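# Provided below are the primary sequence and the corresponding predicted coordinates.
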Amino acid sequence: MVKTVYTVAGNEKIARDVYRMELCGDTSMITAPGQFINIALEGKYLRRPISVHDASGDALTIIYKVVGGGTEDMSRMAKGTRLDVLSGLGNGFDTSVSGDTPLLLGGGLGAAPMYMLAKKLIAEGKRVSAVFGFASADDVFGTDELRSLGVDTAVATVDGTAGVRGFVTDGMPEEYTYAYSCGPEPMMKAVYKKIKTGGQFSFEARMGCGFGACLGCSCKTVTGCKRICRDGPVLTKEEILW
């Protein structure tokens with residue numbers, strides 16, 4: 001973890017209430033897909049944890065949804081805005097166990113960290129497929145980016161306005177060697193019950209400090225309590241108590 005200053009290089013709406021923010025700064029602490037940053041916002045007591053969509057050189061991209069005052073403030077940030085950020089938080093995904101044909105499963109904003117994960121897996125010679133789930137066509141993002149990498153990408157929407165009608169689990173292929181999942185807990189529980197391979201699950205949790213000091217995001221696992229912000233946000237299928 002390192003405290004650093006990032007400068008907003010771009011900030012645009014890409015789906016309903018969803019924005020992509022380009023940041024410029026030191027990305028050396030981002031060492032694995034699935035890690036996150038924690039942003040300090042003026043007038044807000046707690047920082048906002050946001051997963052990393054992509055990071056390379058001095059460029060870092062996040063995708064966030066406007067759900068309250070803090071993220072609404074972020075949506076109005078102009079190019080050149082300077083942000084106080086804790087970078088390189090969390091453990092991220094482990095790609096060494098993926099096998100040859102890993103499957104990426106993202107629900108809503110859980111699709112955001114899958115781009116960097118897909119890039120790493122492809123660089124390792126893996127054949128990657130993905131299923132992203134959203135409420136409606138207006139909420140869909142990230143699919144074209146994955147397809148541009150050569151990822152076989154499917155979409156499921158609850159109302160059927162894009163892709164398969166239903167949930168992420170309704171769009172899953174029959175064959176894959178490992179599963180990576182991020183999204184709302186009900187979605188990940190459904191994935192957990194359906195997959196027959198090993199898997200890793202990236203949890204969304206309310207956080208106080210973001211680096212393991214306050215214990216506010218602790219959860220029970222088969223090996224005892226773990227902190228989502230520091231021991232996670234990624235937990236393996238074998239250690240989750242569901």
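Now that the structure is in, tell me what you want to look at. What you are looking at is a predicted structure, and each value in this text was computed from that prediction instead of being measured.
# So which residues make contact with the helix or strand bottoming out on mean pLDDT in the chain?
In the chain, the helix or strand scored least confidently by mean pLDDT, DSSP states H and E is strand 218-221, which has a mean of 83. By C-beta atoms under 8 Å, 6 or more residues apart in numbering, the residues outside strand 218-221 that reach it are F203, A205, C225, K226, R227, I228, G232, L235, E239, I240, L241. Glycine gets a C-beta too; all of them are placed from N, C-alpha and C.
# Include distance to K44 and neighbour count when you put these into TSV, please.
Formatted as TSV, the contacts of strand 218-221 follow (distance: C-beta to C-beta, whole Å; neighbours: other C-beta atoms under 10 Å):
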residue	distance to K44	neighbour count
F203	22	21
A205	18	15
C225	27	10
K226	27	19
R227	22	22
I228	20	23
G232	23	22
L235	28	22
E239	33	13
I240	31	18
L241	32	8
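# N91: which of those residues is nearest?
Closest approach between the contacts of strand 218-221 and N91, by C-beta to C-beta: G232, at 6.4 Å.
# Now do the same contact list for the spatially most central residue of the chain.
With distances taken as C-alpha atoms, centre = their mean, P113 lies nearest the centre of the chain, 3.3 Å away. Neighbouring residues of P113 by C-beta under 8 Å, 6+ apart: P33, G34, S51, V52, H53, F93, G106, C182, S202.
# and if we set it to 7 Å?
Contacts for P113 (C-beta atoms under 7 Å, 6 or more residues apart in numbering) come out as P33, G34, S51, V52, H53, C182, S202.
# Equivalent analysis for A15, please.
With the criterion set at C-beta under 7 Å, 6+ apart, A15 makes contact with D138, D139, V140, F141.
# Can I get the buried ones among those as something I can paste into ChimeraX?
Entered in ChimeraX, the line below selects the buried ones among these, by 16 or more other C-beta atoms under 10 Å:
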select :139,140,141
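# from the contacts of A15, which two are the most distant?
D138 and F141 (10.0 Å).
# Where does confidence bottom out across the contacts of strand 218-221?
Taking those together, the minimum pLDDT is found at A205 (69).
# Surely L41 is in contact with Y64?
No: at 11.6 Å, L41 does not count as touching Y64 under the criterion of C-beta atoms under 7 Å.
# More neighbours: which of those two?
Y64 (22 against 17; other C-beta atoms under 10 Å).
# quick one, what contacts that one?
Y64 touches Y19, M21, I50, T71, M74, counting by C-beta under 7 Å, 6+ apart.
# how does it look with 8 Å?
Per C-beta under 8 Å, 6+ apart, neighbours of Y64: V18, Y19, M21, R48, I50, T71, M74, L109.
# Name every strand pairing with the strand or helix carrying it and say which way it goes.
Using DSSP states H and E, Y64 falls within strand 59-65. Paired neighbours of strand 59-65 in the sheet (DSSP bridges): strand 18-24 (antiparallel), strand 48-56 (antiparallel).
# Work out the gap between the helix or strand that it is followed by and the centre of the chain.
Sequence order places helix 69-75 as the next helix or strand after strand 59-65, per DSSP H and E. From the chain centre to the centre of helix 69-75 is a distance of 19 Å (C-alpha atoms, centre = their mean, to the nearest Å).
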